[in-house]
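Chemist: Need coordinates for the below:
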Amino acid sequence: MEQLERIASGVLGQLNTPTVSVYWLYLLTAALLASALYLHGTRREATVRGWLGFLFPRAVLRHRSVRNDLALFVLNTMLHSFVFVVPLQTVSAGVASGVWRGMHALWGPLPTPLAGPGLWVGVTVGLFVVADLAFFVSHLLLHRIAWLWELHKVHHSAPVLTPLSVFRRHPGDILFDGLVGGVMMGVAYGLIGWSAGEVVTGQQILGVNALLFTALILGFNLQHSHVWLTWGPLERLLISPAAHQIHHSNAPEHHDRNFGNMLSVWDRLLRTYVSPTRTPQRLEFGLGTETDRYRSVWRLYVVPLVRIFVRNGARGGGTTRS
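Modeler: Residues are numbered from 1 along each chain as shown. Prediction:
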């Protein structure tokens, strides 16, 4: 019983952890933004019932997919906490240490290490950009390499989206993304350490990079939702919730588009960006005829492995949407 209580406390503790996307403050600000959209868009008198129905549609809440998302949130939180977090941190720290030592071996220590406000601002921006680029690179590979796509299909199999859908991932997907991010961030921290002569994290808010915190507090959780929100002219730089919903669309013209997490610049450089319209688009989420293969938690974990190892899902080298 004590072990179960510890597990429950750890899972629920995600809601009170600023480094996790479902931190209560991020959920609250997303709800406030959605409420503002409801009040702005309603053509009739706003009511509490209408407002609640807009925030929490019955068709979404009653969907089997939501229960699967909740189960994967619990299971993947436990898996990450007890199995993945230490090895991934070790990889990142090892890369950072190796880069730092390598720079010393090649160039020696800087005679005058970088310091001051300029360093602080540069590190804050740089770490945010590298982290976002790492997500983009990982996400792109998850779509473009066939066996990785089989793992990533778990995330795209959701026919309805909620903030918990961000946790709807196969463990192999989580591990691969963590390795890519760990290596790239390790390189960044190693270079920063050599340049400054010490570990520098930049400006943080509640232990989170200040720019990332700002992005999370400005409706990040609406990316996985039914709420259509665009950023207007800021779409040139940022991925809006609507832009990410297009990424989940099952329409052929939306396949392999809008890979970005916070920044849209990477997609624009690769010409994979599709701009959302101001008026809400009717999108169908999921994998089309494949969606039913992932209707249970057991299938969400096992089907990708079967398709990779039994059906040789790695052949072909590209995405295999059907």
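Chemist: residue contacts, Val260?
Modeler: Heads up, residue 260 is Gly, not Val. With contacts defined as CB atoms under 8 Å, 6 or more residues apart in numbering, Gly260 is in contact with Asp132, Phe135, Phe136, His139, Ile239, Ala243, Trp266, Asp267, Tyr273. (Glycine included, C-beta is placed from N, CA and C.)
Chemist: Is the second one in contact with Gly181, as I believe?
Modeler: Which is Phe135. Yes - distance between Phe135 and Gly181: 6.8 Å, which falls inside the contact criterion (CB atoms under 8 Å).
Chemist: just the strands in the protein please.
Modeler: In the chain, the strands defined using DSSP state E lie at 204-205, 208-209.
Chemist: do you know how far the closest residue to Ser264 other than its chain neighbours is from Ser275?
Modeler: Closest residue in space to Ser264, ignoring its immediate chain neighbours: Ile239 at 5.0 Å, by CB to CB, 6 or more residues apart in numbering. Distance, Ile239 to Ser275, using CB to CB, to the nearest Å: 11 Å.
Chemist: what about these two, which has more around it?
Modeler: Remark: of Ile239 and Ser275, Ile239 carries more neighbours, 29 against 14, as counted by other CB atoms under 10 Å.
Chemist: per-residue pLDDT, the more buried one?
Modeler: According to the prediction, Ile239 has pLDDT 97.
Chemist: same thing with Thr19?
Modeler: What the model reports for Thr19 is a pLDDT of 95.
Chemist: Wait, it touches Ile205, no?
Modeler: No - using CB under 8 Å, Thr19 is not in contact with Ile205, being 11.1 Å away.
Chemist: Need the residues touching each of those two.
Modeler: Common neighbours of Thr19 and Ile205, counting by CB under 8 Å, 6+ apart, are absent.
Chemist: ranges for the helices of the stretch 1-150 of the chain?
Modeler: Assigned by DSSP state H, counting those that start in this stretch, the stretch 1-150 of the chain shows helices spanning 2-12, 24-41, 48-55, 58-61, 64-79, 85-107, 117-144, 146-156.
Chemist: where does the stretch 201-322 of the chain have low pLDDT?
Modeler: Scanning the stretch 201-322 of the chain for pLDDT under 70 picks out 311-322.
Chemist: in stretch 51-62, what's buried?
Modeler: Neighbour counts over stretch 51-62 (16 or more other CB atoms under 10 Å) mark Phe54 as buried.
Chemist: now the end-to-end length of it.
Modeler: Across stretch 51-62, the terminal residues are separated by 18 Å (CA to CA, to the nearest Å).
Chemist: All good on my end, thank you.
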